[in-house]
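K.L.:
here is my input; please provide its structure:
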Amino acid sequence: MSKILITYQIPEAGEEKLRGAGHDVTVHEGSALIEPAALAAALKEYDGILTLLTEKLGADELAEAGDQLKVIANYSVGYDNIDVPAATAKGITVTNTPGVLNDAVAEHAIALLVSLARRVVEADQFTRDGKYEGWRPQLLMGTSLTGKTLGIVGLGRIGSEVAKRAKNGFGMKIAYNDLKPNTDFEAETEATYYENLDDMLPEMDAISVHVPLLDATHHLINADRLATMKESALLVNTSRGPVIDEDALVMALQNDVIRGAALDVFEDEPKLKPGLAELPNVIITPHIASGTIETRSAMAELAADNIIAVLAGEKPPTPVTK
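P.N.:
Purely as a prediction, here's the structure:
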């Protein structure tokens with residue numbers, strides 16, 4: 001029997017699977033996140049730890065991990081919160097939960113795009129505030145998506161699903177920027193490939209960001225690039241907050257450099273940059289793109305499967321460690 005720590009309450013499917021495999025499972029209790037000191041202590045006590053994206057495990061913390069720790073299962077697709085090389089050097093396998101959340105995140109990205117284009121949040125607040133006095137020809141006019149061009153920044157699993165929904169559901173044209181072209185995707189969606197992001201951005205009516213957070217993608221969307229976009233452009237981010245320079249975005253939105261933005265992630269999460277929440281042309285949701293019952297349960301089960309496999313001496317389903 002191995003000792004497993006789940007650092008925050010997740011859907012019961014994951015915990016039940018771990019217990020069903022015969023492991024001793026402890027779940028960190030309370031509404032607050034686990035303290036860094038408690039997490040550091042857990043590295044010396046547990047054989048496996050199921051972590052959240054918000055919990056940082058850097059080289060210093062991992063260097064102090066005990067020899068008993070074999071696996072860290074991150075409850076997310078991203079894993080920039082864990083120093084993977086440092087974990088590997090200690091013989092710790094790091095895993096994540098890709099694939100099972102593609103549809104949910106793609107659905108949320110589309111929901112944000114549609115809501116932004118049709119000014120749904122503004123209209124809702126307008127009505128709640130008692131300002132609606134009857135139908136008017138030019139009341140809260142938005143913009144149509146049909147026939148417009150959506151640029152996908154980062155054509156991974158989620159980005160490709162967003163593109164398919166935009167094309168098939170709304171008749172949008174698709175363009176994408178990635179490290180290399182994907183001919184199968186182009187054949188399916190009639191998409192146009194842009195090798196250079198700076199060539200794509202000025203041509204797009206809407207942009208949806210789907211890159212991982214790396215040194216190369218930090219502030220990928222910055223003041224200079226925002227300035228090249230259409231004044232009518234819409235920007236959606238469901239990837240990682242620091243991919244967009246949020247200070248620059250606030251300035252761009254305040255000065256109508258672009259029409260609007262919708263964010264599910266933030267640069268200093270959970271804090272927002274000053275001025276962001278006051279803007280009428282921005283939609284902000286609290287990192288809930290994967291937040292469906294079905295998806296979060298599937299993520300819990302996949303994280304559990306990864307832990308069970310590693311502790312059994314088997315290859316986990318979705319390893320990050322090479």
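K.L.:
ok, Leu263 to Ala59 distance?
P.N.:
To Ala59, Leu263 is 30 Å away according to Cβ to Cβ, to the nearest Å. All C-beta atoms are positioned from the backbone trio N, CA, C, and that covers glycine.
K.L.:
ditto for Ile6
P.N.:
As judged by Cβ to Cβ, Ile6 and Ala59 stand 24 Å apart.
K.L.:
looking at the two, which one has more neighbours?
P.N.:
Relative neighbour count places Ile6 above the other of Ile6 and Ala59, with 26 against 12, counting by other Cβ atoms under 10 Å.
K.L.:
and the pLDDT at that one?
P.N.:
The predicted structure scores Ile6 at 97 on the pLDDT scale.
K.L.:
do the same with His210
P.N.:
98.
K.L.:
spit out the contact partners of it.
P.N.:
Under the criterion of Cβ atoms under 8 Å, 6 or more residues apart in numbering, the neighbours of His210 are 109, 152-156, 158-159, 162, 238-239.
K.L.:
who wins for neighbours among these?
P.N.:
Ranked by neighbours (other Cβ under 10 Å), the contacts of His210 are led by Ile152, which has 31 neighbours.
K.L.:
would you tell me what the next helix or strand after the helix or strand hosting that residue is?
P.N.:
Using DSSP states H and E, the element containing Ile152 is strand 149-153. Proceeding N to C from strand 149-153, the next assigned helix or strand is helix 157-170, under DSSP H and E.
K.L.:
and the angle from that next one to strand 149-153?
P.N.:
Put simply, helix 157-170 runs at 170 degrees to strand 149-153, going by axes from the mean of the first three to the mean of the last three Cα atoms, to 10 degrees.
K.L.:
tell me what helix 157-170 is packed against?
P.N.:
If contacts are counted by 3 or more Cβ pairs under 8 Å, 6 or more residues apart in numbering; DSSP states H and E, helix 157-170 sits against helix 102-117, strand 149-153, strand 173-177, helix 183-189, strand 206-209.
K.L.:
now those as JSON lines including distance to Leu220?
P.N.:
Output for these, formatted as JSON lines (distance: least, Cβ to Cβ, whole Å):
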{"stretch": "helix 102-117", "distance to Leu220": "17"}
{"stretch": "strand 149-153", "distance to Leu220": "7"}
{"stretch": "strand 173-177", "distance to Leu220": "10"}
{"stretch": "helix 183-189", "distance to Leu220": "21"}
{"stretch": "strand 206-209", "distance to Leu220": "8"}
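K.L.:
Pro270 is nearest to which of these?
P.N.:
The closest of the helices and strands packed on helix 157-170 to Pro270 is helix 102-117. By Cβ to Cβ, the value is 17.5 Å.
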